[in-house]
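Asker: can you look at this prediction? I've put the sequence above it.
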Amino acid sequence: MSPPLRFLTLPFPVLWWPSPHFTPGRPTEVDLIVLHYISLPPGVFGTGDVIDLFLGRLDPRRYADYAHLCRMRVSAHFFIDRGGRIHQFVDTEDTAWHAGESAFEGRARCNEYSIGIELEGDEIHPFTASQYTSLICLCRALMLRYPGIRWGRVVGHSQIAPGRKKDPGPRFDWERLRRGLEKGGDTERG
């Protein structure tokens, strides 16, 4: 089954993993992208455990820290792994459960009007060139599909949940993302 990238065109495939953790539909127009980082276990990449978390099938016996995660019902619309592969979990026309308690510009419940994009990473390791390339392509496609999203409405989880969240963290290169969106840079996947 191909992913429901409704009205989005990307120059590379997207892997579709339908998550059970979402709310059908949207109560309002989408006009925000929220960037996150995630790694499971923390600081370890490529385990497949992030996918299992979003699908509700994370094995609590794998790591001690996973016991509390198995009870969580979370998802994101997209996850970009270290190799730049884009995984989709929730249709962009539906509400993913990625932001939690949040507000942007005085408006609460960011899940209802945002697209959640998780980058495989943490606050210590720099994100990869392939991740930036995929992120720029994905953000461009989302901005075309949802005209309310513009540069000032691509934010970090830390901006909508200050004090509670710190992602995408100090290693995220906001300037690189801005340049890529404005000038069309970072088009090579490497």
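Answerer: Looks like it arrived, so ask away.

Asker: CA atoms for contacts and neighbours, from now on please.
Answerer: Will do.

Asker: output the lowest mean pLDDT helix or strand found in this structure.
Answerer: None of the helices or strands of the chain scores lower by mean pLDDT, DSSP states H and E than helix 66-69, at a mean of 87.

Asker: show me the contact partners of that one.
Answerer: Outside of helix 66-69, the residues within contact range by Cα atoms under 8 Å, 6 or more residues apart in numbering are 53, 58-61.

Asker: and Arg145, how many residues sit next to it?
Answerer: When counting by other Cα atoms under 10 Å, one arrives at 16 neighbours for Arg145.

Asker: my guess is it contacts Leu10. True?
Answerer: No: judged on Cα atoms under 8 Å, Arg145 makes no contact with Leu10 at a distance of 12.0 Å.

Asker: helix, strand or coil for Arg176?
Answerer: Here Arg176 is helix, with the state taken from DSSP: H, G, I helix; E, B strand; the rest coil.

Asker: how many neighbours does the closest residue to it other than its chain neighbours have?
Answerer: For Arg176, the nearest residue in space outside its immediate sequence neighbours is Tyr132; the separation is 7.9 Å by Cα to Cα, 6 or more residues apart in numbering. Tyr132 sits with 25 neighbouring residues when counted by other Cα under 10 Å.

Asker: can you confirm Tyr132 is in a helix?
Answerer: Yes: counting by three-state DSSP, Tyr132 is part of a helix.

Asker: and the gap between it and Lys183?
Answerer: Computed as Cα to Cα, to the nearest Å, the Tyr132 to Lys183 distance reads 14 Å.

Asker: what's the helix or strand just after the least confident helix or strand of the chain packed up against?
Answerer: Next helix or strand after helix 66-69 toward the C-terminus (DSSP states H and E): strand 78-80. Using 3 or more Cα pairs under 8 Å, 6 or more residues apart in numbering; DSSP states H and E as the contact criterion, the secondary-structure elements in contact with strand 78-80 are strand 86-88, strand 114-120, helix 129-145.

Asker: and the spatially most central residue of the chain, what does it touch?
Answerer: Within the chain, the residue whose C-alpha comes closest to the C-alpha centroid is Ile117; the distance, by Cα atoms, centre = their mean, is 1.1 Å. Contacts for Ile117 were tallied using Cα under 8 Å, 6+ apart; they are 33-36, 76-80.

Asker: about what we covered before: may I see the buried residues of the least confident helix or strand of the chain?
Answerer: Using 16 or more other Cα atoms under 10 Å as the burial criterion, the residues of helix 66-69 that qualify are Tyr66.
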